[in-house]
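# this is the structure alone, sequence omitted:
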């Protein structure tokens, strides 16, 4: 059975400086604008549409067509995704002190970081760019490039590998649950079987996730001075930075679990030879 690998890589994605503080009206909205949430959702939606095409080719080749595309477009509705994320973040960060985060994320330095992150994430939609980023990471590893140690500190501070692995496992289990509930097969797929299959993929997911994160960050931060990246690490290590990071992962995990289950349900109809 195909693994649905969903990688919600959640480094802080910034946009443009906005001269407001948390004490002003709409402090959380200001932060989410600074985090470029809608831009990130648009890119992740495009990634998801690509994954859905691959899924159809592997699980029911030649039987998807316009009906599958229509179902996937509804599942990956950008407005719905943004709404889910905003609702979750609003609930999780209610009453939180956002001043420190806004001071950093609305600074010139923060604006440059977000521009680099967002541009790199968008560029990785191109398979050739993705392959080149992996090759560059291998070169850096072979040369024992000191920048990798600093990137490693950033990855560790934001728990990027562990949180993304957990999110991918949750999404995969939700996908299997959707397949099972949609009666994709002529046999019962038990919870124990689904869990065993998902956990059997854990090491592969971990390896792919680590490679993706490091190659992405190495490319995104290549033009960034060490001092700026160190400042970013320092913000990530604060109580406020950790709270925001946890809230982001919780929000994306909820959204991607919903998406994966609905993909499983939709795919089940095609696998079983039924109409949606």
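Thanks, I have the structure now. Because the structure is a prediction, the values reported are computed rather than measured. Numbering: from 1, shown residues only.
# contact partners for residue 223?
Residue 223 makes contact with residue 116, according to Cβ atoms under 8 Å, 6 or more residues apart in numbering. All C-beta spots, glycine's among them, are computed from the backbone N, C-alpha and C.
# tell me the helices and strands packed up against the host helix or strand of residue 121.
Assessed by DSSP states H and E, residue 121 sits inside helix 108-123. Packing partners of helix 108-123 (3 or more Cβ pairs under 8 Å, 6 or more residues apart in numbering; DSSP states H and E): helix 37-59, helix 202-220, helix 226-236.
# now the element after the first one, going C-ward?
Past helix 37-59, further along toward the C-terminus, the next helix or strand under DSSP H and E is helix 65-75.
# what angle separates the following helix or strand past that following helix from helix 65-75?
With elements assigned by DSSP H and E, the helix or strand that comes after helix 65-75 is helix 78-92. On the basis of axes from the mean of the first three to the mean of the last three Cα atoms, to 10 degrees, helix 78-92 is oriented at 30 degrees to helix 65-75.
# now helix 78-92: buried residues?
For helix 78-92, the neighbour count (16 or more other Cβ atoms under 10 Å) marks 81, 82, 84, 85, 86, 88, 89 as buried.
# by contact count, what packs against that helix?
If you count contacts as 3+ Cβ pairs under 8 Å, 6+ apart, helix 78-92 packs onto helix 27-34, helix 37-59, helix 239-271.
# buried residues, the second one. List them.
By neighbour count with 16+ other Cβ under 10 Å, helix 37-59 contains the buried residues 37-45, 47-48, 51-52, 55-56, 59.
# do the longest one as well
By neighbour count, with 16+ other Cβ under 10 Å as the criterion, the buried positions of helix 239-271 are 240-241, 243-245, 247-271.
# what is it packed up against?
For helix 239-271, the packing partners by 3+ Cβ pairs under 8 Å, 6+ apart are helix 37-59, helix 65-75, helix 78-92, helix 99-105, helix 160-181, helix 226-236.
# could those go into TSV alongside mean pLDDT and distance to residue 142?
Shown next, in TSV, are these (pLDDT from 0 to 100; distance: least, Cβ to Cβ, whole Å):
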stretch	mean pLDDT	distance to residue 142
helix 37-59	93	29
helix 65-75	95	39
helix 78-92	94	38
helix 99-105	92	34
helix 160-181	94	21
helix 226-236	95	21
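# could you report the distance from residue 63 to residue 168?
For residue 63, the distance to residue 168 (Cβ to Cβ, to the nearest Å) stands at 26 Å.
# pick out whichever of these two has more residues nearby.
Applying other Cβ atoms under 10 Å to residue 63 and residue 168 shows that residue 168 carries more neighbours, namely 26 against 13.
# what number of residues lie near the closest residue in space to that one that isn't next to it in sequence?
Distances taken as Cβ to Cβ, 6 or more residues apart in numbering put residue 205 closest to residue 168, at 5.0 Å, once the chain neighbours are dropped. Residues contacting residue 205 under the criterion other Cβ under 10 Å number 22.
# pLDDT at residue 205, what is it?
For residue 205, the pLDDT comes out at 93.
# make a markdown table from the helices and strands packed on helix 78-92 and add distance to residue 128 to it.
A markdown table is the format used below for those (distance: least, Cβ to Cβ, whole Å):
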| stretch | distance to residue 128 |
| --- | --- |
| helix 27-34 | 31 |
| helix 37-59 | 14 |
| helix 239-271 | 26 |
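# the ones you listed: which one's closest to residue 147?
Shortest distance between residue 147 and these, using Cβ to Cβ, is found for helix 239-271: 21.0 Å.
# so that closest one versus helix 78-92, what angle?
Per the same axes, to 10 degrees, the angle that helix 239-271 makes with helix 78-92 is 140 degrees.
# could I get the average pLDDT for helix 239-271?
94.
# from the middle of its chain, how far away would it be?
On the basis of Cα atoms, centre = their mean, to the nearest Å, helix 239-271 sits 9 Å off its chain's mean C-alpha point.
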